[in-house]
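3D, please:
(chains A, B, C and D)
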Number of protein chains: 2
Amino acid sequence: MRLTAFTDYCLRALIFVALKGDEPATIDEIAEHHRINRNHLVKVVFRLGQLGYLHTSRGKGGGIRLADHPAKLSLGKLVRQTERDFALVECFQEHDCQCVIEPACVLKGALRTALAAFLEVLDKYTLADLVRPSRNLARLLAVPAA
Amino acid sequence: MRLTAFTDYCLRALIFVALKGDEPATIDEIAEHHRINRNHLVKVVFRLGQLGYLHTSRGKGGGIRLADHPAKLSLGKLVRQTERDFALVECFQEHDCQCVIEPACVLKGALRTALAAFLEVLDKYTLADLVRPSRNLARLLAVPAA
DNA sequence: TATAACATATATATTAAATATATGTTCAAT
DNA sequence: ATTGAACATATATTTAATATATATGTTATA
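Below is the predicted model:
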């Protein structure tokens, strides 16, 4: 059971942008400081922009800013949007369920409950929680703390 | 976020074997009734034997039996063993963690807590719970209920 | 001794994910 | 106006994981 690297990179990008506060961040900057392949971040920033988490501005002096306060960004909500799906087992995808016992299956319910518990925990966290150790994070990323 | 089909097939195989009660099941039988590729089940049964969940006997008249009562088989324990890993993000694998902010990362803890909540729910279920609707399951699988 | 049934390894195909490349658009500074 | 910084978007390639297939061996019983 894994999350995609894409989700992971989304979170790291957001942590960086949040640490910079009002000053805009750029893709190149995130790539360099987090040591993440630039191409990944191009996709990540694009998607986070589409989802409304980032305000992006093009052109010289442009860059990326958070659309809202870090405390307003729920981890659970974000993960739900960046993961492709949460199809723990085949039958979670109503279309294309080939499982013979699906109509009497208890397992499906058990896994749904477990998944709900997983996401509920993440719902309790915000981006603000993630950047709480801002001094240490800033040092690790070699950025001036906001 | 997904479980592997392997884990899914393990569970379905166990449900079948549990439904047959004392009578041994065979790989061919499970494949036919569950409509799962026989090759998958060869691996699944082999592994479940290794893990001690199944007693297998070779030769004519051989087959598969549960090693213990269904109520003794914990879903959480099983899933922990059949999933390759639970490396939600890179840093979960202590070796080979490239993440720059790992030492000050709050996310890691959040995900660990969420994962624990997920598995805790599964710990509450046993194979006996899964075969509770035995009449219906037997009908769907076209097996005589035990 | 023939056959049913599991044991085990390995090879191939498919799919998803990760990585790379390419081109376009916008904006501001000069 | 022109240049270049920076995001926008699509697509292609590579890699890795998963699913599927094949092959051969071992055991036990009729």
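
CA atoms for contacts and neighbours, from now on please.
Fine.

Spatially nearest residue to A:Tyr53, not counting backbone neighbours?
Spatial nearest neighbour of A:Tyr53, excluding adjacent residues (CA to CA, 6 or more residues apart in numbering or on different chains): A:Ala67 at 5.3 Å.

my read: the one you found touches A:Leu48, true?
No. Taking CA atoms under 8 Å as the definition, A:Ala67 is not a contact partner of A:Leu48, at 9.9 Å.

so what sits against both of the two?
Common neighbours of A:Ala67 and A:Leu48, using CA atoms under 8 Å, 6 or more residues apart in numbering or on different chains, are A:Leu54.

and these two? which has more neighbours close in?
A:Leu48 (22 against 15; other CA atoms under 10 Å in any protein chain shown).

anything in the helix or strand hosting that one near DNA strand D?
Following DSSP states H and E, one finds A:Leu48 within helix A:38-50. Yes. Using CA under 7 Å from any atom of the strand, helix A:38-50 reaches DNA strand D at A:Val42, A:Lys43, A:Val45, A:Phe46, A:Gly49, A:Gln50.

Would you map the strands across chain A?
A:54-57, A:63-66 (DSSP state E).

The helix holding A:Leu48 and DNA strand C, are they touching?
Yes. Using CA under 7 Å from any atom of the strand, we find that helix A:38-50 touches DNA strand C at A:Asn39, A:His40.

next one: that helix to chain centre, how far?
Counting by CA atoms, centre = their mean, to the nearest Å, helix A:38-50 is centred 11 Å from the centre of its parent chain.

So which other helices or strands are in contact with that helix?
helix A:5-20, helix A:27-34, strand A:54-57 (3 or more CA pairs under 8 Å, 6 or more residues apart in numbering or on different chains; DSSP states H and E).

ranking these by burial, who's on top?
helix A:5-20 (a mean of 21; mean count of other CA atoms under 10 Å in any protein chain shown).

which of the residues of helix A:38-50 next to DNA strand D has the most neighbours?
Within these, most neighbours by other CA under 10 Å means A:Val45, with 22 neighbours.

can you list the weak-confidence ranges in chain A?
A:96, A:145-146 (pLDDT under 70).

okay, now the domains of it?
Listed domain ranges for chain A are A:1-73+A:126-146, A:86-125 (source: automatic domain parsing).

Run the contact check for the last one versus chain B.
Meaning domain A:86-125. Yes. Counting by CA under 8 Å from any CA of the partner chain, chain B has neighbours in domain A:86-125: A:86-90, A:99-101, A:104-107, A:110-111, A:113-122, A:125.

What are the buried residues along that domain?
Burial within domain A:86-125, assessed by neighbour count using 16 or more other CA atoms under 10 Å in any protein chain shown, is assigned to A:87-91, A:100-101, A:104-108, A:110-112, A:114-115, A:117-123, A:125.

Helices - which of these land there?
Judged by DSSP state H, helices contain the following of the buried residues of domain A:86-125: A:106-108, A:110-112, A:114-115, A:117-123.
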